[in-house]
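Q: got a structure for you, letters missing:
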């Protein structure tokens, strides 16, 4: 089994920054792609960014490209999401997810096998 635990969420003003972390246990972390998704109230969950295993290629949605950076530290079983220049529309619950196998990039939630419980990010205007 895999457990994913997110942290780092909170309340921030527009234009500010937050750094989310996702710590994994139960598998050799570096062998798998990891993604971040978010869900705003009343909306469907949407893809934010992902980082591949091996060459650590990254992929981000157009809405966060240039503002958010995903990175990983396999020695610490951790994936981070650095979020800069936050906007009110970035508000939501942020989830990390781990994918076993499959193609790249992984932008769909059904491509991921394990999910964390989520961390709330609120951006005030």
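A: That came through fine. These numbers were taken from a predicted model, which means no experiment stands behind them.

Q: in the helix or strand that contains residue 19, what counts as buried?
A: Per DSSP states H and E: residue 19 is located in strand 18-25. With burial defined by 16 or more other C-beta atoms under 10 Å, the residues of strand 18-25 counted as buried are 18, 20, 21, 22, 23, 24. For the C-beta atoms, the positions are set from N, CA and C on the backbone; glycine is no exception.

Q: could I get those residues as CSV with distance to residue 107?
A: Output for the buried residues of strand 18-25, formatted as CSV (distance: C-beta to C-beta, whole Å):
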residue, distance to residue 107
18, 22
20, 18
21, 21
22, 17
23, 23
24, 20
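
Q: tell me the one of those residues nearest residue 117?
A: residue 22 (10.7 Å; C-beta to C-beta).

Q: just say helix, strand or coil for the residue nearest the centre of the chain.
A: By C-alpha atoms, centre = their mean, the chain has its centre lying nearest to residue 36, at 2.1 Å. Following DSSP: H, G, I helix; E, B strand; the rest coil, we place residue 36 in the strand state.

Q: from residue 125, how far off is it?
A: Distance of residue 36 to residue 125, computed by C-beta to C-beta, to the nearest Å: 23 Å.

Q: what sits closest to residue 86 if chain neighbours are left out?
A: residue 123 (4.6 Å; C-beta to C-beta, 6 or more residues apart in numbering).

Q: wait, that neighbour touches residue 17, no?
A: No: in terms of C-beta atoms under 8 Å, residue 123 does not count as a neighbour of residue 17; the distance is 10.5 Å.
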